[in-house]
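*Asks:* structure, please.
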Amino acid sequence: MTSVLHYKKTMWPSGYHIFIFIVHLSSAASYKCDRTARVCETSLTVQHYLTMTHPVNSTVYPSRGKLYDYRVNDPSTSATVPVDDVITADGWEAKRLVIVVNRTLPGPDIVVYEGQTLIVHVTNSLASDSVTIHWHGLHQTGTPYMDGVPFVTQCPIAAGQTFTYEFQAYPSGTFWYHSHVGSQRTKGMFGALIILRNETNPIPEHILQIQEWNHNWDSDYGFEMMVYGLVENRTQFIPSESVDGTLFSLLKAHSGLINGRGRYYFNYETGSHNEAPLTVYKVKQGSVYRFRAIGVGALYPFRVSVDGHMITVIESDGFPIQPVTVESFIINPGERYDFTLVANQTIGNYWIRGRTLEMNRVTMAEAILRYDTAPENDPVTTRKECKVGDVCHVLNCPFQFYPASENIECIFFDQLRSTVPNDPAPEVVEGRFSEYFLNFFSEGMVNGKMFKFPSVAALSQPSAITTQCEKCKGMKMMQMCMCTHTLNLDADDTVQIVLSNIGSQAGMSHPIHMHGHSFYVLKTGFGKYNATTGRFLSQTEDLACLGSLPKEQNMCDEVIWANQSWRNGNIPGLELNNPPRKDTITIPGGGYVVIRIKANNPGLWFLHCHIEFHATHGMGLLLNESFANVPKAPPGFPTCSNFEKVSSANVDSIETNVFAADTLFSGNIFVTIFWIVVGVSAAVILSLIVALVIVLRSSRKAKTKGSFEAVACYHAEPR
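*Replies:* Numbers count the residues shown, from 1 in each chain. Presented below is the predicted three-dimensional model:
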């Protein structure tokens, strides 16, 4: 680590001379593996830190895009504090506690090449919390234990412990890593993971990680506010409204950040802000650049654009698409979009803008596109004006229309086409095709179930799970069940999943992320909208909900096609030849998305909403994929469990709980269990015969032992 020592003598009003020492400690630099290496190895340390804090000079404040020691009164005559050594966020001077990797926000970029083996040693230096790291978008084929989901693929990494992740870097593309424990992700624990193709002369590139930010409280506090209501100064906070009139969940955002930097605006109309430093992307006139955009936020979708420049989207979630040139694109939490930009404008500074889809509030993330030799000033550019005859095309709208007066035309994701050769959607094969309907309802349920994590690492300790959903089957419709919700997938089946967002609380869109796969996007179905105002009118008529209540009054625990002839893959309008692929897709409010996978990656894969509050609340389930074929856990792999005191009378009577056939395991695993039971039974019978002989000889009496049944599910009445 290089360090540069600066000092400046400053006169304080009292007349004292104070020397301010500024030590530039290079921030956690990006890790890039050598292209010729077979194995790439690095380390990440998870720890608490504070915003607006320098490791030597302590507290800092922003002015004119730079940082200064808090004791400086006249910035014009004082030394600056190196920006790279400070987590500035939006520059709010009151510090906020964050959870970060290697003391940076975002964490250090990890850049490797496709096919390399990546080894990452993760040390938990938090004083009072556990942690895991999920490698978002990687399939983890053959290494399901490395997926980083607590109590699913591993035990959480306790305070002071180190866990080593090892997996193959595949596929190539733009990915990221983040904590999967509680709300740690939006507290700052994330970073970019870039897997490069082995190609010659790639174009220069930049990484753009975008999020909303609250500089007063963290995500745990925000989650409780979402559940119990947000009231400030005896005034109820009104949820933000989207373009189509639907309401977002309760989340108060003060600002937006790009690569961990943003500004707090006192007044957007006048442009008054706190002068905090921003991320700067340097370009050379006449060159082409690749930008890798990653949605790392908690809730809000951002519409991203660059003043004076059109952008060409070439890839999403690691899979290339036929290039589409647009004015802007919309990115949701968990999504990634790669775009190219031609630096063909006059040398100067241009705004990179990311504005949320909130209509009754302004939340803006800003960065600067700076041409070589341009002055280090803020841009004075404006956004493209969308006109009749020169409309703006916006990619990835979660609704059908913008208001007609805005002169914007939407391009939907299912209209894009893949450029991957010979990669059609998996075919429907009789006897090897399954179709499932998963309705993501309200802010925390899938098909009427709220996901409950087990107390053990499910993948390596399956027989110890006691929270499966078997007993939920006796519940009445319109009731909620909290359990470890699973969907069983047989090996090599073609699996079609209809992700829906309908029912009595259908509204805001949900970005759904699937672990273990990049699925094929075959179709998006919308509800009805007003083409003039863009307002949402009614839910899709393609889907029906079982039960006597109409859709608008129904929780829609069970969804079917309204037209039953659409079953077994017979849905009109499916793109099967060149469908785009993703691992995170947005379900429009009142609508649905049809996706397909080939069940060829054994494991337990989490499928969940990537709005952090919703995932925390239980909006997810596990895909139990051909469990009989899951590889063995690595030697010495950690285990975990509850410890419950058992009376001495029953201490010898605890029976191992095994999943029922219709809850988690399916397929060949029961053949294995059958023969295990047969073998164990034979051994027990033989032992009993021997014991009986001994007993008869010794005239001793055997004592019987009791047993207990584990609780399988938790029920709750609807709120």
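*Asks:* where along the stretch 251-400 of the chain do the strands fall?
*Replies:* In the stretch 251-400 of the chain, the strands defined using DSSP state E, counting those that start in this stretch lie at 255-258, 265-267, 272-273, 280-283, 288-295, 302-306, 311-316, 319-326, 328-331, 336-342, 349-356, 364-371, 392-395.
*Asks:* among the ones you listed, which is nearest V630?
*Replies:* Across the strands of the stretch 251-400 of the chain, V630 has its closest neighbour in strand 319-326 (25.5 Å, C-beta to C-beta). From N, CA and C alone the C-beta is placed, and that goes for glycine too.
*Asks:* residues contacting that closest one, please?
*Replies:* For strand 319-326, the external contacting residues (C-beta atoms under 8 Å, 6 or more residues apart in numbering) are 171, 173, 310-315, 340, 392-395, 411, 416-420, 518, 580-582.
*Asks:* relative to strand 311-316, how tilted is that strand?
*Replies:* 160 degrees (axes from the mean of the first three to the mean of the last three C-alpha atoms, to 10 degrees).
*Asks:* format the strands of the stretch 251-400 of the chain as TSV; extra columns: mean neighbour count and mean pLDDT.
*Replies:* Output for these, formatted as TSV (neighbours: other C-beta atoms under 10 Å; pLDDT from 0 to 100):
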stretch	mean neighbour count	mean pLDDT
strand 255-258	25	98
strand 265-267	13	96
strand 272-273	16	96
strand 280-283	18	98
strand 288-295	22	98
strand 302-306	24	98
strand 311-316	22	98
strand 319-326	17	98
strand 328-331	25	98
strand 336-342	22	98
strand 349-356	23	98
strand 364-371	23	98
strand 392-395	20	98
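*Asks:* now those strands in CSV, please, with extra columns for distance to A458.
*Replies:* Listed next are those as CSV, based on distance: least, C-beta to C-beta, whole Å:
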stretch, distance to A458
strand 255-258, 34
strand 265-267, 45
strand 272-273, 47
strand 280-283, 42
strand 288-295, 28
strand 302-306, 34
strand 311-316, 30
strand 319-326, 29
strand 328-331, 31
strand 336-342, 28
strand 349-356, 36
strand 364-371, 37
strand 392-395, 37
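*Asks:* ok, which of those strands comes nearest A544?
*Replies:* Of all the strands of the stretch 251-400 of the chain, strand 328-331 comes closest under C-beta to C-beta, at 29.3 Å.
*Asks:* was I right about F627 contacting P602?
*Replies:* Yes - the criterion here is C-beta atoms under 8 Å, and F627 meets it with P602 at 6.8 Å.
*Asks:* out of these two, which sits in the more crowded spot?
*Replies:* Between F627 and P602, F627 has the larger neighbour count (other C-beta atoms under 10 Å), namely 24 against 20.
*Asks:* could you give the backbone dihedrals for the residue lying closest to Q211 once chain neighbours are set aside?
*Replies:* Of all residues not flanking Q211 in the chain, G297 sits nearest, at 3.7 Å (C-beta to C-beta, 6 or more residues apart in numbering). The phi/psi pair for G297 (degrees, to the nearest 10) reads phi -80, psi -180.
*Asks:* and the pLDDT at G297?
*Replies:* The model reports G297 with a pLDDT of 97.
*Asks:* let me know whether it touches P333 as I believe.
*Replies:* Yes - using C-beta under 8 Å, G297 is in contact with P333, at 5.0 Å.
*Asks:* helices of this structure, start to end?
*Replies:* Along the chain, counting by DSSP state H, helices occupy 219-228, 612-617, 669-698.
*Asks:* the longest strand in the protein is where?
*Replies:* strand 39-50 (DSSP state E).
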